[in-house]
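**Q** Below are the sequence and a predicted model for it; my questions follow.
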Amino acid sequence: MKLKQLEGLLGNLQQFSNPKVELEQYPTGPHIASRVLYTAENSFGDVGDRVVADFGCGCGTLGIAAALLGAEHVVGIDVDSQSLEIASANAEELEVELNLVQCDLGNLDFRGQIVDTVVMNPPFGTRKKGVDMEFLRVALAHVKRAALRDFNASSAEVLCELRYDVPHLYKFHKKKEVDIAVDLWRFVPRGA
């Protein structure tokens, strides 16, 4: 699938109509989502024929992108039932399969199931300090067998800087839209 085609399909996904500030729910736009997953697949082979988990999947954008790029199996995990309903409707609309699980990441236990690739747009950690680092800790713990024993990555690399457009969603937002610089990271667990 070509990048523009992927971006176009993701651009039609339903997003939050009433995002929850306490969960730091922000939509992952089609521009950034398509580039993240396209890069993961075409530069590293991290998506096609892999088991992909989308942590904090929200409306399912990243997980759906993984499915469209040929992931063998995609698991979307979110604590919010309304997000999972939107993700389910989005997956159904694009005729892709997502296994959706309602769970707080701190309570996640795959019990031996191997996840090859974790994708996520973690909360920024501005409303609940440290929640962004909890997402990263859980991600490293569930990427391949070796990470089950050791949370230390053998490599951590910034692939590129992207622009994340945050629309005015909450009362405390003062601007119509804010363009934030974010880094696209790739972590590889020891032994992978």
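**A** Happy to help now that I have it.
**Q** Secondary structure element holding residue 90?
**A** helix 81-93 (DSSP states H and E).
**Q** I'd like the average pLDDT over the next helix or strand after that helix.
**A** Using DSSP H and E, the helix or strand that follows helix 81-93 towards the C-terminus is strand 99-102. The average pLDDT within strand 99-102 is 96.
**Q** Quick check: beta-bridge partners of the spatially most central residue of the chain?
**A** By C-alpha atoms, centre = their mean, the mean C-alpha position of the chain lies nearest to residue 120, the distance being 2.4 Å. Under DSSP bridges, the beta-bridge partners of residue 120 are residue 55.
**Q** I'd like the distance from stretch 59-76 to the chain centre, please.
**A** Here the centre of stretch 59-76 is set off from its chain's centre by 9 Å, with C-alpha atoms, centre = their mean, to the nearest Å.
**Q** Now the terminal residues of that stretch, how far apart.
**A** 9 Å (C-alpha to C-alpha, to the nearest Å).
**Q** What of stretch 3-20?
**A** End residues of stretch 3-20 are separated by 30 Å (C-alpha to C-alpha).
**Q** Pull the residues that contact that stretch.
**A** 25-27, 30-31, 33-35, 37-38, 58-61, 64-65, 68-69, 80, 83, 86, 89-90, 93-94, 169-170 (C-beta atoms under 8 Å, 6 or more residues apart in numbering). No exception for glycine: its C-beta is placed from N, CA and C like everyone else's.
**Q** Now which of those would you call buried?
**A** Neighbour-count burial (16 or more other C-beta atoms under 10 Å) applied to these gives 25-27, 30, 33-35, 37-38, 58-61, 64-65, 68-69, 80, 83, 86, 90, 94, 169.
**Q** out of those, which are inside helices?
**A** Those of the buried ones among the contacts of stretch 3-20 mapping onto helices are 30, 33-35, 37-38, 61, 64-65, 68, 83, 86, 90, per DSSP state H.
**Q** Can you give me the neighbour number for the residue nearest to residue 50 when sequence neighbours are not counted?
**A** What sits nearest to residue 50 in space, not counting adjacent residues and going by C-beta to C-beta, 6 or more residues apart in numbering, is residue 116, at 3.9 Å. By the measure other C-beta atoms under 10 Å, the count of residues near residue 116 is 18.
**Q** wait, what's in contact with the residue nearest to the centre of the chain?
**A** Contacts of residue 120 by C-beta under 8 Å, 6+ apart are 54-56, 62, 135, 139.
**Q** Now tabulate those residues in JSON lines and tack on neighbour count, pLDDT and distance to residue 2.
**A** Below are the contacts of residue 120 laid out as JSON lines (neighbours: other C-beta atoms under 10 Å; pLDDT from 0 to 100; distance: C-beta to C-beta, whole Å):
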{"residue": "54", "neighbour count": "30", "pLDDT": "94", "distance to residue 2": "22"}
{"residue": "55", "neighbour count": "25", "pLDDT": "91", "distance to residue 2": "27"}
{"residue": "56", "neighbour count": "25", "pLDDT": "91", "distance to residue 2": "28"}
{"residue": "62", "neighbour count": "29", "pLDDT": "97", "distance to residue 2": "18"}
{"residue": "135", "neighbour count": "20", "pLDDT": "73", "distance to residue 2": "30"}
{"residue": "139", "neighbour count": "25", "pLDDT": "70", "distance to residue 2": "28"}
